[in-house]
Structures are given as structure tokens and as C-alpha cells.
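Undergrad: whatever this is, show me its structure:
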Amino acid sequence: MAIKMKELPESEKPYEKLEIYGAKKLSNAELLAIIIKTGTKKDSALNLAQKVLALNNKKGKKNLTFLRELTTNELTAINGIGRVKAIQILALAELSNRMLTPIKTTEQKIKTTEDVANLFISEMSHEKREIAKIVILNSKNIILKILDLSIGGTNYAVLEPKIVLAEPIKMQAPKIILVHNHPSGDPTPSEQDFQATDRIFEAANIMGIDLIDHVIIGKNRYESIMFQKKRRRREY
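TA: The predicted structure is shown next:
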């Protein structure tokens, strides 16, 4: 029989435990129980949190990143997790993801491929679909704008020169960087990646725009197509 939250000693209740010992002393289940807030007659918030964490058995992840992949349907299938609680959990997962991304990316100077990867790796490493983005820069490599270009399936997001170059041309921007992810987790460029990069490089060059990098994000790894093609040094 599950122990109810009110039956726990004061120092073992998640809210009180956090106040006394600090957030780092709480388990994953205890932290999640604080988000869930209330339980049911059958299950405490802590028990519900443990059931949510048990969903990782299907996902097979080694950490809490599986929370990003859950759907409201998967969460509400747990008796005691309704629509509001499910949305709170998904919001928490997205917020934790965004905590790793700078709040203000514009006015940031990009010097290396690593700078680009650091902007996007936490956001794109765990995506199930292939997503392509463009980073638009001024002549000093300061970010003017970041836009989503396309969202594909599990294999390929289409990168057409006219779509890629529309906004940089409108802004009269001199430099751009392309970024896309590989849902497989392997950032090694494919032949299709090389071909798309060549088309965009040539089209951009005609328009007086410099494609200075094309970065592929994998599972906590990244590769630069431009450096592999020996078109660039490690620093821009």
C-alpha cells in the first residue's frame, strides 16, 4: 500500500525537504512531485511522479531527456495525471531545455563552429524530426536574426536556395550560417547534405552573401560541412 504524502515526516515531504536541505538533495521523483502538486485517493503526488519516471522504460533513455519526448496522451494515461498536470510536466521539460540556451542570441558574436553548436545543441540534439535553421549575421559576425527554415520527417528537411536566401536578401545581410540536426544522433554529413550546401553556397555567392558554415547537430555532437570541404578555417 502506497504511503500518503501527509503520512511522511515533515522533513521528508518534498516541499519541506527542499526548504530545509535545498533542491539538490531531492530525488528526481521528489522534484517532479512538487510540479505535480497533488495526488489522488490512491496515489500521492510522489507515487504519480514515480509512475511518470517509469515511462522511461519505453523510451530507454539514460537520463531525464525522455520527458521532452512525452505526449499529453502518454501522461494522461496514468491515472491521476490529468490534462493540466500533463501540460505542467511538458512545460517543465521545455523550460529546462531552454535554460541551456542564451535568452538573448541577437547581438552575440559568432567566432567558431563551436559557438554555433553551443547555441543549438541543447535544443536540437533530441529532436525526432530534422529541423533546419538559418543564422543571419552582419559583417562583424554578430547575429541579426535566427529563423526556422523547414521541418522534415525523420530523414531530411528540405533546403532550397530560394527559401534559405529570402530573408538574408531582404535584410541585405552579408553572411549566413546554416544549421540542421540529424535525428539519428550521428552528425556525419550525408551526400545529400554536401549537395544542398554546394547549391546554397553558389546561389548565395551570386547574391553577394557569404555562407560561412553549415553545422550539423547530432546527439551531443556536431560537425561542420564547410570545414570538411576545406572551405574554411576553424575560426571564421
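Undergrad: how many neighbours does residue 38 have?
TA: By other CB atoms under 10 Å, the residues close to residue 38 number 11. To be clear about C-beta, it is placed using only N, CA and C from the backbone, and glycine gets the same treatment.
Undergrad: in the chain, which spans are helices?
TA: Secondary structure of the chain, counting by DSSP state H: helices at 14-21, 28-36, 45-53, 56-59, 72-76, 83-98, 113-124, 161-171, 191-206, 225-228.
Undergrad: redo these as JSON lines? Include distance to residue 147, mean pLDDT and mean neighbour count.
TA: Below are these laid out as JSON lines (distance: least, CB to CB, whole Å; pLDDT from 0 to 100; neighbours: other CB atoms under 10 Å):
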{"stretch": "helix 14-21", "distance to residue 147": "40", "mean pLDDT": "89", "mean neighbour count": "15"}
{"stretch": "helix 28-36", "distance to residue 147": "32", "mean pLDDT": "93", "mean neighbour count": "19"}
{"stretch": "helix 45-53", "distance to residue 147": "34", "mean pLDDT": "94", "mean neighbour count": "22"}
{"stretch": "helix 56-59", "distance to residue 147": "30", "mean pLDDT": "81", "mean neighbour count": "12"}
{"stretch": "helix 72-76", "distance to residue 147": "28", "mean pLDDT": "95", "mean neighbour count": "15"}
{"stretch": "helix 83-98", "distance to residue 147": "18", "mean pLDDT": "89", "mean neighbour count": "15"}
{"stretch": "helix 113-124", "distance to residue 147": "13", "mean pLDDT": "90", "mean neighbour count": "20"}
{"stretch": "helix 161-171", "distance to residue 147": "6", "mean pLDDT": "94", "mean neighbour count": "16"}
{"stretch": "helix 191-206", "distance to residue 147": "14", "mean pLDDT": "93", "mean neighbour count": "16"}
{"stretch": "helix 225-228", "distance to residue 147": "19", "mean pLDDT": "83", "mean neighbour count": "19"}
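Undergrad: can you pull the pLDDT of residue 8?
TA: On pLDDT, residue 8 comes in at 69.
Undergrad: separation between the closest residue in space to residue 29 that isn't next to it in sequence and residue 81?
TA: Nearest residue to residue 29, sequence neighbours excluded (CB to CB, 6 or more residues apart in numbering): residue 49, at 4.4 Å. Counting by CB to CB, to the nearest Å, the gap from residue 49 to residue 81 is 10 Å.
Undergrad: what do those two both touch?
TA: residue 36 (CB atoms under 8 Å, 6 or more residues apart in numbering).
Undergrad: for residue 131, which of the helices of the chain is the nearest?
TA: Between residue 131 and those, the tightest spacing by CB to CB is seen for helix 113-124, at 6.3 Å.
Undergrad: and that closest one with helix 83-98, angle?
TA: Going by axes from the mean of the first three to the mean of the last three CA atoms, to 10 degrees, helix 113-124 is angled at 170 degrees with respect to helix 83-98.
Undergrad: related to what we said a few turns ago, isn't the residue nearest to residue 29 right up against residue 38?
TA: No: with contact defined as CB atoms under 8 Å, residue 49 does not reach residue 38; the gap is 11.6 Å.
Undergrad: circling back to that earlier point, tell me the contacts of the residue nearest to residue 29?
TA: By CB under 8 Å, 6+ apart, the residues touching residue 49 are 28-30, 32-33, 35-36.
Undergrad: tell me the two of those residues that are most distant?
TA: 28 and 36 (12.3 Å).
Undergrad: okay, the contacts of residue 49 in JSON lines with distance to residue 170 next?
TA: Shown next, in JSON lines, are the contacts of residue 49 (distance: CB to CB, whole Å):
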{"residue": "28", "distance to residue 170": "46"}
{"residue": "29", "distance to residue 170": "50"}
{"residue": "30", "distance to residue 170": "50"}
{"residue": "32", "distance to residue 170": "45"}
{"residue": "33", "distance to residue 170": "49"}
{"residue": "35", "distance to residue 170": "42"}
{"residue": "36", "distance to residue 170": "46"}
